[in-house]
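Participant: sequence plus predicted model, see below.
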Amino acid sequence: MDTNIANVDRQFLADLHRVGSATVPKLCSMEGVTATAIRQRLLRLQAAGLVSRKSVRATRGRPHHEYQLTEKGQKLLGDNYIELATILWEQLSSIEDEQIKQSVMAQLRDTLVKRYGGSVEGEGLAVRLQELKSVLSEHGFNVEIGQNGEQWTLLERNCPYHELASQSHSICDLEHEVFEKILGVPLELTQRCVDGHNCCKFETVPVG
């Protein structure tokens with residue numbers, strides 16, 4: 001599922017879900033745009049499996065088409081946990097007992113390692129990086145792998161924790177640890193999206 005759908009499309013889906021189903025003319029009235037623009041958006045969202053079309057037979061005249069959210073589309077609207085995640089992270093960070101805090105953080109790190117690294121089993125760093133990239137892409141990350149001589153880089157084009165990272169570097173540190181655990185090599189986080197860069201960059205540390 002594309003969890004990085006544009007905000008304008010997310011709002012369109014929310015509007016459609018609110019009325020249940022709607023025709024193109026009704027959507028034009030709701031959104032204040034042309035029929036051409038509505039049809040183009042509907043086609044794109046249908047192709048993504050987020051919207052379905054049904055034929056409705058009227059008492060008079062020709063049948064007309066109505067559009068509604070699919071189960072996938074409804075799930076996407078519910079997959080917005082930013083506010084909850086922010087609250088939970090703030091509560092975790094505010095734990096005063098350092099031993100308890102570190103224990104909880106370690107459990108969270110291990111859970112993320114299992115989530116993203118469970119299928120990363122290849123031999124050699126190049127293979128493991130590609131496997132990690134594949135897994136992260138399935139979870140909506142926009143990831144690229146690069147190489148310069150013996151040094152490898154993992155680039156995140158969209159920061160998955162931007163809201164949290166803007167408040168605390170600790171979420172970046174956690175992700176850093178998770179990637180190191182999965183890949184089995186030391187990494188250096190050399191730039192972050194939240195600092196104004198166009199990606200978060202993790203670089204392997206050259207041996208010696």
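Facilitator: That came through fine. If you're wondering where the values come from, they're calculated on a predicted model, not measured in any experiment. Residues are numbered from 1 along each chain as shown.

Participant: could you give the mean pLDDT of the helix or strand where Leu88 lies?
Facilitator: Per DSSP states H and E, Leu88 falls inside helix 82-93. Across helix 82-93, the average pLDDT comes to 82.

Participant: buried sites along it?
Facilitator: When burial is assessed from 16 or more other CB atoms under 10 Å, helix 82-93 yields the following buried residues: Trp89. For every residue, glycine as well, the C-beta is placed using N, CA and C.

Participant: right, and the helix or strand after that helix?
Facilitator: Next along from helix 82-93, by DSSP H and E: helix 98-117.

Participant: which strands or helices does that next one pack on?
Facilitator: In terms of contacts (3 or more CB pairs under 8 Å, 6 or more residues apart in numbering; DSSP states H and E), helix 98-117 is packed against helix 82-93, helix 125-138, helix 170-183.

Participant: of these, give the one that comes closest to Gln46.
Facilitator: For the helices and strands packed on helix 98-117, the distance to Gln46 is smallest for helix 125-138, at 21.9 Å, taking CB to CB.

Participant: list the buried residues for that closest one?
Facilitator: In helix 125-138, counting by 16+ other CB under 10 Å, buried: 128-129, 131-133, 135-136.

Participant: turn those into CSV, including distance to Lys26 and pLDDT.
Facilitator: As requested, those are arranged in CSV below (distance: CB to CB, whole Å; pLDDT from 0 to 100):
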residue, distance to Lys26, pLDDT
Arg128, 51, 96
Leu129, 48, 97
Glu131, 46, 97
Leu132, 45, 96
Lys133, 42, 94
Val135, 41, 93
Leu136, 39, 91
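
Participant: looking at the residues you listed, spot the one nearest Gly196.
Facilitator: For the buried residues of helix 125-138, the nearest to Gly196 is Leu136 (22.5 Å; CB to CB).

Participant: quick one: the closest one and Gly117 touch, right?
Facilitator: No - the pair Leu136 / Gly117 is not scored as a contact, 10.3 Å apart, by CB atoms under 8 Å.

Participant: ok, back up a step: make TSV from the helices and strands packed on helix 98-117 and add distance to Asn198 to it.
Facilitator: Output for the helices and strands packed on helix 98-117, formatted as TSV (distance: least, CB to CB, whole Å):
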stretch	distance to Asn198
helix 82-93	21
helix 125-138	18
helix 170-183	16
